[in-house]
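K.L.:
build me a structure from this.
(2 chains)
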Protein chains: 2
Amino acid sequence: MAYNKTENKLRFDYNNMMAKNIGEHGITDKELSSAATKAYIAFDYVERHRGKDMMGWTELPYNQGEIVEDILKTAKDIRAKFDYFVVLGIGGSALGPISVFNALNHLHYNDLPKSKRKAPKFYVEDNIDPERMAALLDVIDVEKTMFNVITKSGATSETMSQYLIISDILKKKLGPDYKNHIIATTSENSGNLIKIARKEGFKTFYIPDGVGGRFSELCPVGLLPAAVTRIDIKGLLDGAQYMDKLCKKDTASKNPALMAALLQYIAMRKGNNVSVMMPYADSLKFIADWYCQLWAESLGKAVDYAGNTVNVGQTPVKSLGVTDQHSQVQLYTEGPFDKVITFIAVDKFRSEVTIPEGAEEYPNVNFLCGATLNKLINTERVATEYALLKAGRLSNTIILPEVNAFTLGELLMFFQLQTAYCGAMLNINTFNQPGVEEGKNATYALFDRAGYEDKKKELESRPEKQDKYII
Amino acid sequence: MAYNKTENKLRFDYNNMMAKNIGEHGITDKELSSAATKAYIAFDYVERHRGKDMMGWTELPYNQGEIVEDILKTAKDIRAKFDYFVVLGIGGSALGPISVFNALNHLHYNDLPKSKRKAPKFYVEDNIDPERMAALLDVIDVEKTMFNVITKSGATSETMSQYLIISDILKKKLGPDYKNHIIATTSENSGNLIKIARKEGFKTFYIPDGVGGRFSELCPVGLLPAAVTRIDIKGLLDGAQYMDKLCKKDTASKNPALMAALLQYIAMRKGNNVSVMMPYADSLKFIADWYCQLWAESLGKAVDYAGNTVNVGQTPVKSLGVTDQHSQVQLYTEGPFDKVITFIAVDKFRSEVTIPEGAEEYPNVNFLCGATLNKLINTERVATEYALLKAGRLSNTIILPEVNAFTLGELLMFFQLQTAYCGAMLNINTFNQPGVEEGKNATYALFDRAGYEDKKKELESRPEKQDKYII
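P.N.:
Below is the predicted model of the structure:
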C-alpha cells in the first residue's frame, strides 16, 4: 500500500522540554545552541558509519527488495498450511515481532475466529519458564504449527533450548517431514543454527552481520512474523526510509531524531536518569518495551571511547496512557526531578466509540455523555501534559497521525536513529553489550560447561550467603 | 485448601544488599543498626494505625468471613451462567485482578477450550482506547458476559465511560434483564455507582472506606474476579494473614517487610532512586505491575508530614527474568549506581520440561542437553545475581517455595506492609495521591464541565505551543 507522506508524517513536539514553558528544570535556547557542535558531531558520526560495522540497520529500508519478495511468498505459504505461528526468540528477536504485531493487528487477534483472522494464531515465546512452555503446548497443535527460531549467534541458550524441545516433539510426531515446520532466522556465516538448518534442511532467512538484535526489527527477524499476520511490511520499510531521509539534515532543529537525542543528552547531564515512554494507545503498549531494550542496552555503558569510567545510561520506564495515570503519574508530578516523560500521541484512532447519554442525574459522570472515547483519551493526555508542565517536569510528545505500517516504520527508525545519535554524543559504543557476558559465563560455569572451570572456581569463592541475612 | 505454613513460607534474602558482599555501594551492619530506631518508629506507626483511617487493608485477612461466602456463591453462579467475565476498572481496580489471575491460572487461559478452563474467559479492560473497546466487543458475546464494574468513588471517568457504553449495549439487547449482567464493586456509602446500582438493581460488593485502590486486591475488588476463575481466595487470605503475623515483630532483622522497607529507605538516602522488580517466573510478570503502582503512588510525594518539600519516591521498574537479561541487565551492571534490583525466585515450578539430547556436535548448546528448563531459569537467576554482585550493585531476593494462592497472599501482604513501613520512615502520607488531581481537573475543564471555568481559564493561559519546537 502506498501512503501519503505528508498526511502520515510523524511530528516531534518538544515545547515542554523548554525552560520558557516549564521553568527552572527546563532547557534554554542557549543550552540548545551551545550544544550545536555536539549534535553536529553525532550527526556526522552516524552519516560516516551508516551501513558499516554494526550500523547495517540504517540500510535495511533500501536493500531488501528480493528478501521482501521471498518473505511475502513464504508468509503466504504459511498462512495456507498452518494454524499457529510461534516465534522462538528472546530480546531483540522477540521484542520487535511482539511490538509490531500488537501495533498493527486486532487487539484481541488470537481470540478472533479464523475466518476473521485470516492468518495463523500468533505466539512469541521469549522466556524459558517451564510453566510457560507447558502452557504453550496445551494450546497449540504442533502438527499445524510453524516455528520460527530466531537467534543471530545460534548460541543463545534460551532459544536453543526451546529449539531442542520443539524439534524433538516434532520429529517424534512427524518424522522427516518435521523440517517443514521450522524456519531458522540466523547469521548466514557463523553459529550453530545455520549449520543445523543446513543439515536438517530448514528454510532460512539471514540476519545481516551489521545488524544487532535490538536493531533487527526491519530485517527478516521482524519482517517474516509481521508478514505472516498480513502486516504491510513494504509500508513499514517505506515509513522507515521516509524517516531516515527526514533525518539527513545536519541541524538538530530540522532533524527530529537528532533533536530528540540532544534533548535527552542535555537532560541526562542535568541529572534526569529516567526516561519514561508513555504511549496513549493500547496498540503501542509494546513499542515501549521495544524502546526500553533499545535505549537501556545501547546507552547503559561503563566506559566511553576515551577509556573513562562513565557508568552512563538513562533507565527507560514503560508506561501506558491513560492506564498508568492511575499508577505512575503521582510519582511523575511529585517525586524527584529525575525524569523525562515522552508521550506518544495518536491523532486518529482506527475505531470510534461514543459514550451514550444516560447519566443526567450524576453531574460528575454526565459531562462525559455524548463525547467519544477518542476525545476522552486525547484530552486526558493533554491534561496530563499540562499537569507535568505545571509541576515543572520535562516532557515531549511524538505524534503519529494514525497507527499504520508507514507511521510505525517511521517510529522505529526515529528511535533507532535517536539512540545512535545519543550514543555518539555520550562517546560510547552504542552497539555492544559487554555487561551481559558476566551472567552468561556464570551460567556456563554453573552448568559445568567445559572451558569454564576457572569461572566455576571464581563463583565458588564468592561470599557465602549468611543465614542471618535471610528472613 | 489448607497450606502447610512452613513449607510455604516466603523468604527474604538480603545478603547482596550488604557492603561485605558487594563492596562500597552496599549497606553496612553499622548503618542497619543505626537505623534501628527509624525501623521501630515505622513498625509502631503501622501497629498503631492498623485497621484505622486508610489502613483498613491490614484487617482484610481477618474480617471477611461472610463476604467470602457471598463471593464464592456468586462466582459459582457466574460460572454456571456466563461464558465471559469482564472487569471494567483502572489502576488499583485492575492491576490486582490482572496480577492474581496471571499468577494462578494457566498462562494461556483464554486459549484453552471451555472444557479445560471450567470457567468463563477473562478480560480486564483498564484503558479507554476506542480501538480496545471495539476489539473487546468483537470477541465477546455480551449476552453471555458478566461485567464487574469496579470504582470506589463511582466517579472514575474511565470506568464510568465504560459502564455507560456497556450498559447501553446490554439494555438494547436484553431489556430489563440487563441488570443481571452487571455487578458493581464500589463504596457502600458514597458516590454515583452505588446509587446507580441500587436504582437499577445490580448485585453489589463493597470496598471498605479504609481501603484505597492500590491496597484493595484482598477485598472484593480482587476476590470476586479471582473466585470466578476458581482461584482459592481463602488460601490467598490465609497466606496474607500468615505474612501479617510474621510481621508483628518490632525488630527489622526478624520482620521481613520491615527489613525490606528499611533497606530500600537506606538505599534511597544513598541515591538509589530506581527500584527494579524482576520476577523469574512468567506467572509473576504482572505482580511487578501491581508493585509498581503500589510503590510509585504511595511513596512518590512532594511534601512530608512536617511540611517540608521532599520530592521523594523511587521509580519502580518492571522487569522479567530471564527475558529482560536480554534487554535491561546491560544497564543494571554497567549504568549508573542508582538502582536496587529485587528478584523474585520460585523454588518449585508447577511444570517440569526437560531439554532433550541431540546437540552433541555443538558444544555451546550441548551443555544444556539433559537439563530441565527449571534448572536453566534458576541457574540464570543465580548467574545474574552474581554478575550484579561482581559489578557492586545492590540486589535482594524474595523467594517463593512455589507460586500458589497461599504464597501469593504472603507476597501481596509483604509488599503492602513494606510500602506502609517505608512511607512511615519517609514521614509522608502513603495513602493519598494529590498529584493526580491536577490532571483530573484539567480534563474536567477541557470537557467544559460546570464548576471548572476557572481551571479552563488557567489552561487557556498556559504557554502557547511554538511551531519552531515541533519538527
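
K.L.:
where does the stretch 151-300 of chain A have low pLDDT?
P.N.:
For the stretch 151-300 of chain A, no stretch is flagged by pLDDT under 70.

K.L.:
residues from it in reach of chain B?
P.N.:
Residues of the stretch 151-300 of chain A lying near chain B by CB under 8 Å from any CB of the partner chain: A:155, A:157-158, A:160-161, A:164-165, A:167-168, A:192, A:195-196, A:213-214, A:253-256, A:259, A:273-274, A:280-283, A:289, A:292-293, A:296-297, A:299-300. In short, each C-beta sits where N, CA and C put it, glycine included.

K.L.:
quick one: name whatever helix or strand follows the helix or strand hosting A:Lys245.
P.N.:
Assessed by DSSP states H and E, A:Lys245 sits inside helix A:233-246. Scanning forward in sequence from helix A:233-246 by DSSP H and E, the next helix or strand is helix A:256-269.

K.L.:
returning to that earlier point: tell me which of the residues of the stretch 151-300 of chain A next to chain B fall in helices.
P.N.:
A:157-158, A:160-161, A:164-165, A:167-168, A:192, A:195-196, A:256, A:259, A:289, A:292-293, A:296-297, A:299 (DSSP state H).

K.L.:
burial count for A:Met1?
P.N.:
9 (other CB atoms under 10 Å in any protein chain shown).

K.L.:
hang on, isn't it packed against A:Ala405?
P.N.:
Yes. In this structure, A:Met1 is within contact of A:Ala405 by CB atoms under 8 Å, at 7.4 Å.

K.L.:
anything in contact with each of the two?
P.N.:
A:Asp232, A:Lys234, A:Gly235 (CB atoms under 8 Å, 6 or more residues apart in numbering or on different chains).

K.L.:
so the first one sits against A:Ala405, correct?
P.N.:
Yes. Counting by CB under 8 Å, a contact exists between A:Asp232 and A:Ala405, whose distance comes to 4.0 Å.

K.L.:
if any of the residues of the stretch 151-300 of chain A next to chain B are buried, put those into a PyMOL selection.
P.N.:
Buried residues within these, by 16 or more other CB atoms under 10 Å in any protein chain shown, are selected in PyMOL with:
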select buried, chain A and resi 155+157+158+160+161+164+165+167+168+192+196+213+214+253+255+256+259+273+274+280+281+282+283+289+292+293+296+297+299+300
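
K.L.:
residue nearest the centroid of chain A?
P.N.:
Chain A has A:Trp290 as the residue nearest its centroid, 1.7 Å off, counting by CA atoms, centre = their mean.

K.L.:
contact partners for that residue?
P.N.:
A:Leu95, A:Gly96, A:Ile98, A:Ser99, A:Glu217, A:Leu412, A:Phe415.

K.L.:
which element is the residue lying closest to A:Ile41 once chain neighbours are set aside on?
P.N.:
Closest residue to A:Ile41 apart from its sequence neighbours, by CB to CB, 6 or more residues apart in numbering or on different chains: A:Ala424 at 6.9 Å. Assessed by DSSP H and E, A:Ala424 sits inside helix A:405-426.

K.L.:
packing partners for that helix?
P.N.:
helix A:36-49, helix A:92-104, helix A:233-246, helix A:256-269, helix A:285-299, strand A:394-400 (3 or more CB pairs under 8 Å, 6 or more residues apart in numbering or on different chains; DSSP states H and E).

K.L.:
any chance of these in a markdown table, plus distance to B:Thr342?
P.N.:
Output for the helices and strands packed on helix A:405-426, formatted as a markdown table (distance: least, CB to CB, whole Å):
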| stretch | distance to B:Thr342 |
| --- | --- |
| helix A:36-49 | 36 |
| helix A:92-104 | 22 |
| helix A:233-246 | 37 |
| helix A:256-269 | 25 |
| helix A:285-299 | 17 |
| strand A:394-400 | 27 |
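
K.L.:
for B:Tyr62, find the nearest of these.
P.N.:
helix A:285-299 (37.6 Å; CB to CB).

K.L.:
could you give the angle of the closest one to helix A:256-269?
P.N.:
If you take axes from the mean of the first three to the mean of the last three CA atoms, to 10 degrees, helix A:285-299 sits at 60 degrees to helix A:256-269.

K.L.:
distance between the next helix or strand after helix A:285-299 and the chain's centre?
P.N.:
Scanning forward in sequence from helix A:285-299 by DSSP H and E, the next helix or strand is strand A:301-303. Taking CA atoms, centre = their mean, to the nearest Å, one finds the center of strand A:301-303 at 22 Å from the center of the full chain.

K.L.:
not counting sequence-adjacent ones, nearest residue to the residue in the stretch 1-150 of chain A positioned nearest to chain B?
P.N.:
Proximity of the stretch 1-150 of chain A to chain B (CB to the nearest CB) peaks at A:Gly91, 2.8 Å away. Nearest residue to A:Gly91 in three dimensions, chain neighbours excluded: B:His326, at 2.8 Å (CB to CB, 6+ apart).

K.L.:
coming back round to it: would a markdown table of the contacts of A:Trp290 with neighbour count and distance to B:Ala445 be doable?
P.N.:
Output for the contacts of A:Trp290, formatted as a markdown table (neighbours: other CB atoms under 10 Å in any protein chain shown; distance: CB to CB, whole Å):
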| residue | neighbour count | distance to B:Ala445 |
| --- | --- | --- |
| A:Leu95 | 30 | 38 |
| A:Gly96 | 33 | 40 |
| A:Ile98 | 22 | 38 |
| A:Ser99 | 26 | 34 |
| A:Glu217 | 30 | 40 |
| A:Leu412 | 28 | 36 |
| A:Phe415 | 22 | 33 |
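
K.L.:
A:Phe202 is in contact with A:Ile194, correct?
P.N.:
No. Look at A:Ile194 against A:Phe202 with CB under 8 Å: they stay out of range, at 9.6 Å.

K.L.:
which residues are in contact with each of those two?
P.N.:
Common contact partners of A:Ile194 and A:Phe202 (CB under 8 Å, 6+ apart): A:Ala184.

K.L.:
returning to what we had before: any idea how far the residue nearest to A:Ile41 is from B:Lys468?
P.N.:
25 Å (CB to CB, to the nearest Å).

K.L.:
more neighbours: which of these two?
P.N.:
Each of A:Ala424 and B:Lys468 has its neighbours counted (other CB under 10 Å); A:Ala424 has more, 22 against 10.

K.L.:
the more buried one against A:Tyr45, yeah?
P.N.:
Yes. A:Ala424 is in contact with A:Tyr45 according to CB under 8 Å; the separation is 4.1 Å.

K.L.:
please list all residues in contact with the residue lying closest to A:Pro97 once chain neighbours are set aside.
P.N.:
Distances taken as CB to CB, 6+ apart place A:Pro225 nearest to A:Pro97, at 4.1 Å, with adjacent residues excluded. If you count contacts by CB under 8 Å, 6+ apart, A:Pro225 has them with A:Phe85, A:Val87, A:Pro97, A:Val100, A:Phe101, A:Phe122, A:Val124, A:Asn148.
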